[in-house]
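Colleague: need a 3D model of the following:
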Amino acid sequence: MIGKFGKVIGLLSSLLSSKKTDEEIQQVKEIMLKAIFLTMGCLAISDNKVQQNEYLFFEKAQNYLRLNKEKRKDTLRYFKQGIEDGSELESTLLLFKQKADCELIEMFLTFQLKMIYADGYVSQEEFSLIFDICSFLGISSAKYAEIDREVWSFTRFQGQNSPQYKSTGGKSKAQNPKNNQSSDSDLSPLSLACSILKIQQPISERELKKIYRRLLKENHPDKMIAQGLPDEMIKIAEEKVRKIYEAYECIQRSLSKAS
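Modeller: Residues are numbered from 1 along each chain as shown. The predicted structure follows:
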């Protein structure tokens with residue numbers, strides 16, 4: 001499986017090229033990391049009280065990204081800025097919006113949701129702030145719901161525990177974590193695989209392969225790197241492509257059994 005996956009990555013690499021200068025890419029990397037951890041600080045204080053587990057949650061995010069000593073200091077400063085004074089959030093997000101492509105903006109949301117869900121508790125205040133940030137960055141309610149479902153499906157497909165939603169509900173469907181709770185039938189590997197590839201059964205093998213190749217090209221790590229994805233976040237892009245591949249294999253096996 002790993003061999004096939006590696007060949008796919010290699011073939012796609014040659015099709016992708018950078019449209020940004022090295023200086024522009026570096027600027028995007030720096031502003032994206034700042035936006036991520038400044039937002040995390042604002043989320044931590046969104047209910048007017050920072051709990052000890054939220055600092056542990058922040059450290060978990062640092063460890064997940066495998067930040068070096070210098071980056072750990074920078075991100076800790078951004079996180080504290082978000083907690084103590086969120087006044088820079090709007091200007092930081094505006095700069096991020098101006099410099100980053102839509103794929104990186106969506107990756108920003110993916111990371112925030114991934115980290116929030118890993119914490120095991122999602123407050124209504126967190127959802128409200130995230131949704132407001134999405135609106136500011138130009139992410140529609142439909143796209144928010146799509147990415148939210150995608151992150152949830154990835155988490156389930158990895159065999160992890162699902163996030164424990166404890167919210168009073170939201171102003172819109174996309175904000176309401178209760179809308180993500182699924183029946184047991186939605187939790188089968190095949191159902192989750194279909195959710196990851198955004199398809200519905202029945203589907204032909206030809207159409208499946210077409211969708212799979214499109215998703216690989218859209219989410220390829222080299223494309224994200226060329227747009228300015230911070231080196232520390234490449235792991236997320238690689239995980240996403242790997243899950244797309246595994247979901248494709250799962251559905252393909254199902255089609256083979258049915259034929």
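Colleague: for the rest of this, base every contact and every neighbour count on C-alpha atoms.
Modeller: Fine.
Colleague: so which elements touch the helix or strand harbouring residue 95?
Modeller: Using DSSP states H and E, residue 95 sits within helix 89-99. Applying 3 or more CA pairs under 8 Å, 6 or more residues apart in numbering; DSSP states H and E, we find helix 89-99 packed against helix 22-44, helix 124-137.
Colleague: what are the contacting residues of stretch 241-259?
Modeller: By CA atoms under 8 Å, 6 or more residues apart in numbering, the list of residues contacting stretch 241-259 from outside reads 5, 154, 189-190, 192-194, 196-197, 205, 208, 212, 215-216, 219-221.
Colleague: buried only: go through those for me.
Modeller: The neighbour-count test (16 or more other CA atoms under 10 Å) marks 154, 189-190, 192-194, 196-197, 208, 212, 215-216, 219-221 as buried among the contacts of stretch 241-259.
Colleague: closest one of the residues you listed to residue 141?
Modeller: Here the nearest of the buried ones among the contacts of stretch 241-259 to residue 141, counting by CA to CA, is residue 196; it sits at 18.4 Å.
Colleague: and for the closest residue to the closest one other than its chain neighbours, the neighbour number?
Modeller: Closest residue to residue 196 apart from its sequence neighbours, by CA to CA, 6 or more residues apart in numbering: residue 150 at 5.8 Å. Residue 150: 19 surrounding residues under other CA atoms under 10 Å.
Colleague: and the gap between residue 258 and residue 188?
Modeller: Computed as CA to CA, to the nearest Å, the residue 258 to residue 188 distance reads 17 Å.
Colleague: more crowded one of the two?
Modeller: Neighbours per residue (other CA under 10 Å) separate residue 258 from residue 188, with residue 188 holding more: 12 against 7.
Colleague: please determine how far the more buried one is located from residue 69.
Modeller: Distance from residue 188 to residue 69, by CA to CA: 41 Å.
Colleague: need the helices and strands packed on helix 89-99 in JSON lines with mean neighbour count and mean pLDDT, can you?
Modeller: What follows is those, written out as JSON lines (neighbours: other CA atoms under 10 Å; pLDDT from 0 to 100):
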{"stretch": "helix 22-44", "mean neighbour count": "22", "mean pLDDT": "91"}
{"stretch": "helix 124-137", "mean neighbour count": "18", "mean pLDDT": "90"}
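Colleague: no further questions, thank you.
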